[in-house]
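**Q** could you work out the structure for the sequence below:
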Amino acid sequence: MTAPSTPITDLIRLSGKTAIVTGGAMGIGYGICYRLAEAGANVVVADQNENEANVAAKRLADLGFSATAVRVDVAAEPDVERMVAGAVDTYGAVDILVNNAGIYPNILVMNMTAADFMHVVNVNLTGVFLCTKHVAQHMIQRGGGGRIINVTSIDALHPSSAGLAHYDASKHGPGASPRTSRWNWRHTASGSMRSPPVGSPLLASRPRKAVRRCRRASTWTTWCRHSPLGSP
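**A** Take a look at the predicted model:
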């Protein structure tokens, strides 16, 4: 028997906050949208599939939640700028960004073209950069801080199957970039960045060993002092 999920309002309340979720029309993305909306946030369901985004936003609205849909290609900067500006126009601010959009067409390296490789990298990595850049600019300008969350993958640690060399490469970046990005605005923005990979294997095996090794290193204390990420 599946245990009932904990009501999100028992964990966090986001009334008055606005969240953008890329790749939010289905799957993990829709699940994130649902829980954010359940917590009281205004949710922008951002997806390249406009029809599915509209369906997802309507489903949330029918449940009494505040949600809108927007079509976005996260690898196209004008689309990202329009997405952020639209959210600000509709809700007044953006408080949360979830970089969830991702693709993973299975192609063996020997059959992969440069275009195949770059298409995945552009969506999974360049898209994270562009969305982070424009949302962070907004957060800094308004002075309210916020949260930027990157959804990465177990493949950021080790391959899960053949045919995903482009995907694996693209997922290393979203796991590491928050640490570097945070240094770029740590003196001007109050918001922190958290990058939790999805899936229990990440927390159940290798990462904990890596964390223990890191905590014994002399660099751990310095890193924690300068970063809001804290202990993984």
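**Q** list the buried residues of stretch 163-171.
**A** 164, 165, 166, 167, 168, 169, 170, 171 (16 or more other C-beta atoms under 10 Å). All C-beta atoms are positioned from the backbone trio N, CA, C, and that covers glycine.
**Q** which residues does residue 69 contact?
**A** Residues near residue 69 by C-beta atoms under 8 Å, 6 or more residues apart in numbering: 25, 44, 45, 46, 47, 50, 53, 54, 56, 57, 58.
**Q** among those, which one sits closest to residue 70?
**A** residue 46 (5.1 Å; C-beta to C-beta).
**Q** checking that closest one next. Helix, strand or coil?
**A** Recorded secondary structure, residue 46: strand (DSSP: H, G, I helix; E, B strand; the rest coil).
**Q** go on, residue 130?
**A** Once three-state DSSP is applied, residue 130 turns out helix.
**Q** for the one 4 residues further on, same thing?
**A** Using three-state DSSP, the structure places residue 134 in helix.
**Q** tell me how many other residues crowd it.
**A** 19 (other C-beta atoms under 10 Å).
**Q** now the one 4 residues further on
**A** Counted with other C-beta under 10 Å, residues neighbouring residue 138 total 19.
**Q** which helix or strand contains it?
**A** According to DSSP states H and E, residue 138 maps onto helix 127-142.
**Q** quick one: strands adjacent to whichever helix or strand comes after that helix?
**A** Sequence-wise, the next helix or strand downstream of helix 127-142 (DSSP H and E) is strand 147-150. The strands beside strand 147-150 in its sheet (DSSP bridges) come out as strand 96-99 (parallel), strand 192-194 (parallel).
**Q** run the chain-centre distance for the longest one.
**A** Once both centres are worked out by C-alpha atoms, centre = their mean, to the nearest Å, strand 96-99 turns out to sit 5 Å from its chain's centre.
**Q** same question, stretch 80-88
**A** 16 Å.
**Q** can I get it in CSV, CA atoms only?
**A** Provided in CSV are the C-alpha atoms of stretch 80-88 (Å, rounded to 0.1, in the frame of the first residue of the first chain):
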residue,chain,number,x,y,z
VAL,A,80,13.3,33.1,-21.9
GLU,A,81,13.2,36.9,-21.6
ARG,A,82,9.6,36.8,-22.7
MET,A,83,8.8,34.1,-20.2
VAL,A,84,10.2,36.0,-17.3
ALA,A,85,8.7,39.3,-18.3
GLY,A,86,5.3,37.7,-18.7
ALA,A,87,5.5,36.2,-15.2
VAL,A,88,6.4,39.6,-13.8
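**Q** where exactly do the strands run in the protein?
**A** With DSSP state E as the criterion, the chain has strands at 18-22, 42-47, 67-71, 96-99, 147-150, 192-194.
**Q** of these, which is nearest residue 82?
**A** Once the strands of the chain are compared by C-beta to C-beta, strand 67-71 is nearest, at 7.8 Å.
**Q** quick one: the closest one to strand 18-22, angle?
**A** 40 degrees (axes from the mean of the first three to the mean of the last three C-alpha atoms, to 10 degrees).
**Q** now do strand 67-71: distance to the chain's middle.
**A** 16 Å.
**Q** so for that strand, mean pLDDT?
**A** Here strand 67-71 scores 98 as its mean pLDDT.
**Q** so what are the sheet partners of that strand and their directions?
**A** strand 42-47 (parallel).
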